[in-house]
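# fold the following and give me the result.
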Amino acid sequence: FIGLYLAKKGKSAQAVKELRKAARLKPDEFIFYANLGTVYAYQGAYPKAIHEYQKALEIDPFYGLGYANLSYIYGLMRRTHEALRYMKKAVQMNPRYADLHYNLALLYSDRKRYEKAAFELKKALRINPNYLFARINLGVLYEDQKRWKEARREYREILQVTPDDEHI
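Predicted coordinates for the structure are as follows:
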């Protein structure tokens, strides 16, 4: 907890030191490595963050958020192939988490796999029908494909939730 507290206070070097100490005391506890990964990610030290998240996943391969975090880091590094692989794993482990489907859809869209992107956005919307970003992105995806009727339908759905949204 000291490490996380220090990280939140912007003292990342001290946070790393405390989390390393915790990991030495209890080397089979995945959360210390996951927290180190988070601290390194905030520092922009992406290779170190990847290393720590991978250590956490070696200890607990069912730590679904670890796969998502790896995906986010690879995405920031513009390595969408790896980002996609890890996000698929995160979704597989957490199929009821709409944000993961949404992020998987964005990765599919980046790789111009529009049908898969639409499929994942629809899954996110089945989980959370009021997920505005998913609905907006689905509308934009339809618009980009000149599927005007479907785009209009999505935008009308958004107006049901936010009737005063001037952009929609």
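# just the CA coordinates for the helix or strand of the chain with the lowest mean pLDDT, please, in CSV.
Across the helices and strands of the chain, mean pLDDT, DSSP states H and E gives its lowest value to helix 2-8, namely a mean of 87. Taking C-alpha atoms only, helix 2-8 is exported to CSV below (Å, rounded to 0.1, in the frame of the first residue of the first chain):
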residue,chain,number,x,y,z
ILE,A,2,2.9,2.3,0.7
GLY,A,3,4.1,1.9,-2.9
LEU,A,4,0.7,2.7,-4.3
TYR,A,5,0.4,5.7,-2.0
LEU,A,6,3.8,7.0,-3.1
ALA,A,7,2.9,6.5,-6.8
LYS,A,8,-0.3,8.4,-6.4
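# in that helix, what's buried?
By neighbour count on 16 or more other Cβ atoms under 10 Å, the buried set for helix 2-8 is 3, 6-7. C-beta: built from backbone N, CA, C; applies to glycine.
# from the contact counts, what lies against that helix?
helix 12-25, helix 30-43 (3 or more Cβ pairs under 8 Å, 6 or more residues apart in numbering; DSSP states H and E).
# list the contacts of L100.
68, 87, 90-91, 94 (Cβ atoms under 8 Å, 6 or more residues apart in numbering).
# okay, and which of the residues you listed map to strands?
Members of these lying in strands (criterion: DSSP state E): none.
# verify the contact between Y114 and L106 for me.
No - judged on Cβ atoms under 8 Å, Y114 makes no contact with L106 at a distance of 11.8 Å.
# the two: which is more packed in?
Each of Y114 and L106 has its neighbours counted (other Cβ atoms under 10 Å); L106 has more, 20 against 16.
# how near is that one to L141?
Separation of L106 from L141 (Cβ to Cβ, to the nearest Å) stands at 10 Å.
# now do Q14
For Q14, the distance to L141 (Cβ to Cβ) stands at 44 Å.
# do you know the pLDDT at Y142?
pLDDT, the model's per-residue confidence, is 96 for Y142.
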